[in-house]
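1. Provide a 3D model corresponding to the input given below.
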Amino acid sequence: MKGELEGKLLHTIPCDRISRINRRVSQMKRFPNGIEPATVRNTFKKLNTCKERKQVQKLLWDYTDGEQAKLDDGNFVTHLVGDTNRLNLIANEGIKPTRLHVSLAAFLLRA
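-> Just a heads-up that it's a prediction; the model follows:
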């Protein structure tokens with residue numbers, strides 16, 4: 001069973017799974033209490049950023065072809081947001097590159 005699941009994960013395209021989940025969520029007229037549209041958008045950003053990670057691929061499989069896909073729309077979104085948060089993913093859009101300049105002369109003088 002585990003080997004079969006891993007084989008399926010390796011042969012599927014994560015972007016396609018994200019699109020399928022997004023299509024289902026976008027058809028909802030309103031979200032359950034406590035779930036804001038911005039939260040759902042942030043969830044999709046996180047999933048898209050980390051889609052190559054094995055944990056994310058398993059989560060995407062669960063929500064497209066697994067048990068989670070059978071949930072009603074309200075529970076589907078609630079569980080998707082919760083499961084994504086449990087993975088502790090970071091959306092790269094908030095991370096900015098930084099620079100560090102070190103003067104070799106200053107470093108040698110201190111030594």
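
2. residues making contact with the helix or strand where Asn75 lies?
-> Secondary structure from DSSP states H and E places Asn75 in helix 73-86. For helix 73-86, contacts defined as Cβ atoms under 8 Å, 6 or more residues apart in numbering pick out 21, 24-25, 27-28, 31-32, 34-35, 39-40, 43, 46-47, 59, 62-63, 68-69, 71. In this view, the C-beta of every residue, glycine as well, is placed from N, C-alpha and C.

3. Tell me the gap between that helix and the middle of its chain.
-> 11 Å (Cα atoms, centre = their mean, to the nearest Å).

4. quick one: average confidence on that helix?
-> The average pLDDT for helix 73-86 rounds to 95.

5. Kindly report the same for stretch 98-109.
-> According to the model, stretch 98-109 has a mean pLDDT of 77.

6. before we move on, the earlier item: which of the residues in the helix holding Asn75 are buried?
-> Residues of helix 73-86 classed as buried by neighbour count (16 or more other Cβ atoms under 10 Å): Phe76, Val77, Thr78, Leu80, Val81, Thr84.

7. Go ahead and flag the most central residue of the chain.
-> Leu47 (1.9 Å; Cα atoms, centre = their mean).

8. isn't it right up against Gln57?
-> No. Using Cβ atoms under 8 Å, Leu47 is not in contact with Gln57, being 10.0 Å away.

9. can you give me the helices for the protein?
-> Using DSSP state H, the helices of the chain run over 2-10, 14-26, 37-49, 54-64, 73-86, 104-110.

10. next one: stretch 15-26 to chain centre, how far?
-> With Cα atoms, centre = their mean, you get 12 Å for stretch 15-26.

11. Repeat that for stretch 31-47.
-> 11 Å.

12. what's the answer for stretch 71-80, then?
-> 16 Å.

13. Okay, Asn22 and His101: tell me how far apart.
-> To His101, Asn22 is 42 Å away according to Cβ to Cβ, to the nearest Å.
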